[in-house]
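Colleague: Got a sequence here, can you model it:
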Amino acid sequence: MAGDEVSKAQFLVQAARRRQTGSFIIVALFVSSLALGACGTATHAAPQNHSITGAQAWNYVGQTKTVRYYVAYTGSSSAGTEFLDQKVHYTNGFITTIFASGVANFPTEPAQAYYGHTIDVTGTISIHSNYVEIIASSPSQIQIVS
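Modeller: Residues are numbered from 1 along each chain as shown. Down below sits the predicted model:
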């Protein structure tokens, strides 16, 4: 694609040379901007998202990863532990577990803050019963994506 832009630019430069010097300067500036743009796109890659899905988390048990998922359900235990669930019924889904001792570290109750949002949660993936989870103890582990 950059080759096509250069050959078009060369054509415009030749045409401008045949006409006037003023046109030549304008076209030369245009060509310069194309060259700079081509260099910029070749050297600057777009940032990549390195998160995995809740379903992929099963493949990374024991590893520290960022999992992206939509919080479809939240719950809490009588002990004050809060759960941010990927599925309304947690079986075979992904959950972020925040123990009561960690809930105190959050400025807003996690269930209210994250319900209905897509989040990135970072931590060590583990298996508990029939679901995978990350245990979070700090708000820095959870980012709202949308």
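
Colleague: List the contacts of the lengthiest strand in the chain.
Modeller: Criterion DSSP state E: the longest strand present in the chain is strand 118-128. Outside of strand 118-128, the residues within contact range by Cβ atoms under 8 Å, 6 or more residues apart in numbering are 51, 57, 60-71, 84, 95-97, 132-136, 141-146. No exception for glycine: its C-beta is placed from N, CA and C like everyone else's.

Colleague: Only the buried residues of it, if you could.
Modeller: When burial is assessed from 16 or more other Cβ atoms under 10 Å, strand 118-128 yields the following buried residues: 119-123, 125.

Colleague: Which elements pack onto the next helix or strand after that strand?
Modeller: Later in the chain than strand 118-128, the nearest helix or strand by DSSP states H and E is strand 131-135. Under the contact definition 3 or more Cβ pairs under 8 Å, 6 or more residues apart in numbering; DSSP states H and E, strand 131-135 sits against strand 94-98, strand 118-128.

Colleague: can I get those strands in a markdown table with mean pLDDT and distance to Ala79?
Modeller: Formatted as a markdown table, the helices and strands packed on strand 131-135 follow (pLDDT from 0 to 100; distance: least, Cβ to Cβ, whole Å):
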| stretch | mean pLDDT | distance to Ala79 |
| --- | --- | --- |
| strand 94-98 | 96 | 12 |
| strand 118-128 | 96 | 15 |
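
Colleague: Need the ones you listed in JSON lines (columns: distance to Ala104).
Modeller: Listed next are the helices and strands packed on strand 131-135 as JSON lines, based on distance: least, Cβ to Cβ, whole Å:
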{"stretch": "strand 94-98", "distance to Ala104": "10"}
{"stretch": "strand 118-128", "distance to Ala104": "18"}
